[in-house]
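A.B. asks: here is a sequence together with a model predicted from it:
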Amino acid sequence: MQADLILFWVFAPISVASGIGMLLMRNAVHAALFLIVNFFCLAVFYLVLGAPFLFAVQIIVYAGAIMVLFLFVIMLLGVDGREDLRERRLIAQRPLAALLGVGFVLEVFFAVRASVGFSRHAPGGFDTINEGGNAQALARVLFHKYFFPFEVTSILLIIAAIAAMVLAQRKARAITQAEMEARNASREPASAPRPVA
Amino acid sequence: MSTPVAYFLLLSSILFAIGTIGVLVRKNALIIFMSVELQLNAVNLSLVAFSRMHNSLDGQVLAFFSMVVAAAEVVVGLAIIVSVYRRIRSVNVDDAEALRG
């Protein structure tokens, strides 16, 4: 039994268990932490599959940036654990969803058995593809064959940043004197108006 | 490498199914969003596995692009969730059933 098979059998149950844990957790913070465990497991799989650059990107971008953003929003909104999980809109939504998930896994199982096969190993010679290091090899492909998509990606990131700013900004508006008085009156209905400091 | 590629594909499909069930079952918009992230990661895993199987780096480049798109998607999606929360004071998707603001 070789090292990569041991790694697979150690980390595959952890990744599936953390995914199910994310599914079952009521508290959004706990779900986010389970998702981080899952992302680390996937990073290990990238390393096993000969993609050390994606391993680093997975940890930096997903486990670092994206999950920190998630936790930041969870803290900002102050979401508590009271999630109403009752089915109100659709009958038998949860059993049907589970059925869909199991059906999907079975479908992929039979498709993989018919096409790839369970005894087919990855061919050797991946080290020659990764000549000079995975990052260099990836850069050769990225900056020659996929140069135009790469540039389009930069535009996409700028659009996303602008969109986030537009969506999340608060509509600032000057408050008139009458509105201020009405707000103070509604806040303290019985007492006398507060003296102006 | 002694692990068959099919194992990674099956693991990827299991994670994708978990993400799909999460999207369909959960009511908290943030957890639905995390499930979408899980689905994206599952597909990335299968892309990298296919890249290894075909001895080509194209799959890894595609996984890289999908990570970039996922980052952009998270930024916009979380901004939408924050602005919806400001309006209806809830992240439960059942509370956001009216299309008008």
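C.D. replies: Arrived safely, thanks for sending.

A.B. asks: which residues touch stretch B:63-74?
C.D. replies: The contact list for stretch B:63-74 (Cβ atoms under 8 Å, 6 or more residues apart in numbering or on different chains) reads A:51, A:53-54, A:57-58, A:61-62, A:65-66, A:69-70, A:138, A:142, A:146, A:149, A:153, A:156-157, A:159-160, B:33, B:36-37, B:40, B:43-44, B:47-48, B:51. C-beta: built from backbone N, CA, C; applies to glycine.

A.B. asks: stretch A:54-68 near chain B at all?
C.D. replies: Yes - using Cβ under 8 Å from any Cβ of the partner chain, stretch A:54-68 reaches chain B at A:54, A:57-58, A:61-62, A:65-66.

A.B. asks: which of those are buried?
C.D. replies: Buried residues within these, counting neighbours by 16 or more other Cβ atoms under 10 Å in any protein chain shown: A:54, A:57-58, A:61-62, A:66.

A.B. asks: beta partners for residue A:121?
C.D. replies: Using DSSP bridges, the bridge partners assigned to residue A:121 are residue B:4.

A.B. asks: in the lowest-mean-pLDDT helix or strand in chain B, which residues are buried?
C.D. replies: Using mean pLDDT, DSSP states H and E, helix B:58-88 stands out as the lowest-scoring helix or strand of chain B, at a mean of 90. The neighbour-count check on helix B:58-88 (16+ other Cβ under 10 Å) flags B:59-68, B:70-82, B:84-85 as buried.

A.B. asks: list the contacts for residue A:160?
C.D. replies: Contacts of residue A:160 by Cβ under 8 Å, 6+ apart are B:71-73, B:75-76.

A.B. asks: and it, what element?
C.D. replies: Counting by DSSP states H and E, the element that carries residue A:160 is helix A:147-168.

A.B. asks: distance of residue B:83 relative to residue B:96?
C.D. replies: Noted for residue B:83: a distance of 11 Å to residue B:96, by Cβ to Cβ, to the nearest Å.

A.B. asks: let me fix that, I meant to ask about residue B:49.
C.D. replies: Counting by Cβ to Cβ, the gap from residue B:49 to residue B:96 is 37 Å.

A.B. asks: and the two? which has more neighbours close in?
C.D. replies: When residue B:49 and residue B:96 are compared for neighbours, residue B:49 comes out ahead with 28 against 15, by other Cβ atoms under 10 Å in any protein chain shown.

A.B. asks: right, and that one touches residue B:10 too?
C.D. replies: No - Residue B:49 lies out of contact with residue B:10 (Cβ atoms under 8 Å); the separation is 10.0 Å.

A.B. asks: and the worst-scoring helix or strand of chain A on mean pLDDT, how far from the chain's centre?
C.D. replies: Among the helical and strand segments of chain A, the one scoring lowest on mean pLDDT, DSSP H and E is helix A:177-187, with a mean of 75. In terms of Cα atoms, centre = their mean, to the nearest Å, the gap separating the centre of helix A:177-187 from the centre of its chain is 44 Å.

A.B. asks: any idea how far residue A:101 is from residue B:13?
C.D. replies: Here residue B:13 is placed at a distance of 10 Å from residue A:101 (Cβ to Cβ).

A.B. asks: please point out which parts of the helix holding residue A:160 sit buried.
C.D. replies: A:153, A:156, A:160, A:164, A:167-168.

A.B. asks: all good on my end, thank you.
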